[in-house]
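With the input below, show me the fold.
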Amino acid sequence: MSTYRQRIYENYASRFQGTQETFDFAGASRWGNSYDYRFRGWLPASKDATIVDLACGGGKLLYFFKERGFRVISGVDISPDQVKLARQVIPEVVEANALDFLAAHPHAFDLITGLDIIEHFQKEEVLRFLDLCHAALRPGGRLILQTPNAESLWGCMYRYGDFTHEIAFNPNLLLNLLALCNFRDLEIRETGPIPWGHSLASTMRYVVWQGFRAFLHLWNLAEGHTGSGVFTRVFLSTGVK
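I've put the predicted structure just below:
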């Protein structure tokens, strides 16, 4: 691992994420409500599906799965203070490099999630990461990724807001890379306001956001481009083995 990465990840949660030493269960529960909508149709039907969250951070997504009754959950993170925090959610959290972890677990998982991880890899690591994810999935298993959106007007803020970010993706590029690594049933989604079932404020923000999206589409068309149509600051992508 690069020296600068090692130095930053050693205290990543406390210095760069502003995370407290005690896991915020109520906050994590509120955060997770939006992912019920964002992950719709993507989660395994069986609560005994084997799930691993790569770069699990402080454990918010682990708590999301735990709250929804999934029983075989684990997490991986390279940062010691992140691992310490995530273990307050479940004990099955490993301090490891995600690439090394995946290489050691072929055909092991029904679902692999990685929120805000792929942008931390250098170019030569990206394809290896996707290949290892594919190899670590069982047939029919799914990979879900979230990453900053280079196609967003605010994408650079997220791209350069973390010193360990190495690369930015737009949705079409990431879908092409997933296809290159033999994933199928590819799909991308925005991570904007939730239209219903979350809060009245979110629904109102969703309506306003649709107006802005329409303007951005017109802007693209005026320049003779179409793009992916995904303009949120970060986006989700998925593929199936």
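
you'd agree residue 99 is up against residue 132?
Yes: judged on Cβ atoms under 8 Å, residue 99 makes contact with residue 132 at a distance of 6.1 Å. Backbone N, C-alpha and C define where each C-beta goes, glycine included.

Tell me the buried residues in the lengthiest strand in the chain?
Taking DSSP state E as the criterion, the chain has its longest strand at strand 137-148. Within strand 137-148, the residues that qualify as buried are 137, 141-148, counting by 16 or more other Cβ atoms under 10 Å.

Looking at residue 99 and residue 132, which is more packed in?
More neighbours surround residue 132 than the other of residue 99 and residue 132, with 23 against 17 (other Cβ atoms under 10 Å).

Skipping its backbone neighbours, what lies nearest the more buried one in space?
Nearest residue to residue 132 in three dimensions, chain neighbours excluded: residue 102, at 3.8 Å (Cβ to Cβ, 6 or more residues apart in numbering).

where's the one you found relative to residue 241, distance?
Plainly put, residue 102 is 13 Å away from residue 241 if you go by Cβ to Cβ, to the nearest Å.

Show me which of these two is the more surrounded one.
Set residue 102 next to residue 241 and count neighbours by other Cβ under 10 Å: residue 102 wins out with 25 against 22.

contacts for the longest helix along the chain?
Criterion DSSP state H: the longest helix present in the chain is helix 200-222. For helix 200-222, the external contacting residues (Cβ atoms under 8 Å, 6 or more residues apart in numbering) are 34, 153, 192-196, 226-227, 229, 231.

Please repeat the previous calculation with a cut-off of 7 Å.
Residues outside helix 200-222 that contact it (Cβ atoms under 7 Å, 6 or more residues apart in numbering) are 192-196, 226-227, 229, 231.

Just the CA coordinates for the helix or strand just after that helix, please, in CSV.
Later in the chain than helix 200-222, the nearest helix or strand by DSSP states H and E is strand 234-240. Output of strand 234-240 as CSV, limited to C-alpha atoms (Å, rounded to 0.1, in the frame of the first residue of the first chain):
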residue,chain,number,x,y,z
VAL,A,234,-22.8,10.3,-6.7
PHE,A,235,-24.5,7.4,-8.5
LEU,A,236,-25.1,3.7,-8.0
SER,A,237,-24.3,0.9,-10.4
THR,A,238,-24.9,-2.8,-10.3
GLY,A,239,-24.1,-6.0,-12.3
VAL,A,240,-24.9,-9.7,-11.9
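
strand partners of strand 234-240, parallel vs antiparallel please.
Using DSSP bridges, strand 234-240 pairs in its sheet with strand 137-148 (antiparallel), strand 184-190 (antiparallel).

With mean pLDDT as extra columns, can I get those strands in JSON lines?
Shown next, in JSON lines, are these (pLDDT from 0 to 100):
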{"stretch": "strand 137-148", "mean pLDDT": "98"}
{"stretch": "strand 184-190", "mean pLDDT": "97"}
